[in-house]
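Engineer: Got a predicted structure here, sequence first:
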Amino acid sequence: LAYAEDEETGGGSTYMEIYKVLANAVTIDGWVIIALIFVMGILATNVIVGKWFALARTEKANVRFAKEFRSREASMMAPARGLASVGAAAVDPPATPEAREWQRHSNLYRVFQAALGETRTTLEGRRSDGRAEQLNSDDLAVVRSTLEANMVEEASRLNDGMVTLTITVSGAPFLGLLGT
């Protein structure tokens, strides 16, 4: 019994030989499609990893803000209650490098500061006009609109890059079909 030459090597080609044959069969436009899909994969991976780190950092900063808020709630809310005797130092956490880091990444802190700033401005305006130092329904509507505007900004910040991810994830299969 005599074996043919290809049967002696185990019945055919190795995997590398198969890849060589396939690579030689791909045309230039096929390589362009493969390169575009590869670039889209890199973009999608970049957005996913970036979002994962950003959300982890934001969550950690929000937990820190909530802890800071609970420990100093009375002094942090004093300007909203119209207590003029409490200064900004009692409201703002200490400006240590660690505090600046979590303040920079906490979206809850940024929304809180915007609402508190609007409340301070409204109360100062009421004081200068000689009116009572209490917020009425119109003043609360202004503070509410400031809160809503800041929440839209924060949502936009969190959604940054999602369009790129959507395009790459939904577009890559179509490019793959184009390549076939």
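Structural biologist: Okay, I see it.

Engineer: In terms of helices and strands, where is the residue nearest the centre of the chain?
Structural biologist: In the chain, the residue lying closest to the centroid (Cα atoms, centre = their mean) is Leu158, at 3.3 Å. Element membership for Leu158, per DSSP states H and E: helix 137-159.

Engineer: Output the contacting helices and strands for that helix.
Structural biologist: In this structure, helix 137-159 makes packing contacts with helix 28-71, helix 107-128, judged by 3 or more Cβ pairs under 8 Å, 6 or more residues apart in numbering; DSSP states H and E. All C-beta spots, glycine's among them, are computed from the backbone N, C-alpha and C.

Engineer: same thing but 6 Å
Structural biologist: If you count contacts as 3 or more Cβ pairs under 6 Å, 6 or more residues apart in numbering; DSSP states H and E, helix 137-159 packs onto helix 107-128.

Engineer: how much does the helix it packs on deviate in direction from helix 137-159?
Structural biologist: Counting by axes from the mean of the first three to the mean of the last three Cα atoms, to 10 degrees, helix 107-128 points 160 degrees away from the direction of helix 137-159.

Engineer: Show me what counts as buried in helix 107-128.
Structural biologist: 107-112, 114-116, 118-119, 122-123, 126 (16 or more other Cβ atoms under 10 Å).

Engineer: which residues make contact with stretch 42-54 from outside it?
Structural biologist: Contact with stretch 42-54 is made by 161, 164-165, 168-169, as judged by Cβ atoms under 6 Å, 6 or more residues apart in numbering.

Engineer: hang on, the earlier thing: can I get the buried residues of helix 107-128 in a markdown table including distance to Leu22?
Structural biologist: Shown next, in a markdown table, are these (distance: Cβ to Cβ, whole Å):
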| residue | distance to Leu22 |
| --- | --- |
| Asn107 | 48 |
| Leu108 | 53 |
| Tyr109 | 54 |
| Arg110 | 52 |
| Val111 | 54 |
| Phe112 | 58 |
| Ala114 | 57 |
| Ala115 | 60 |
| Leu116 | 63 |
| Glu118 | 63 |
| Thr119 | 67 |
| Thr122 | 69 |
| Leu123 | 72 |
| Arg126 | 76 |
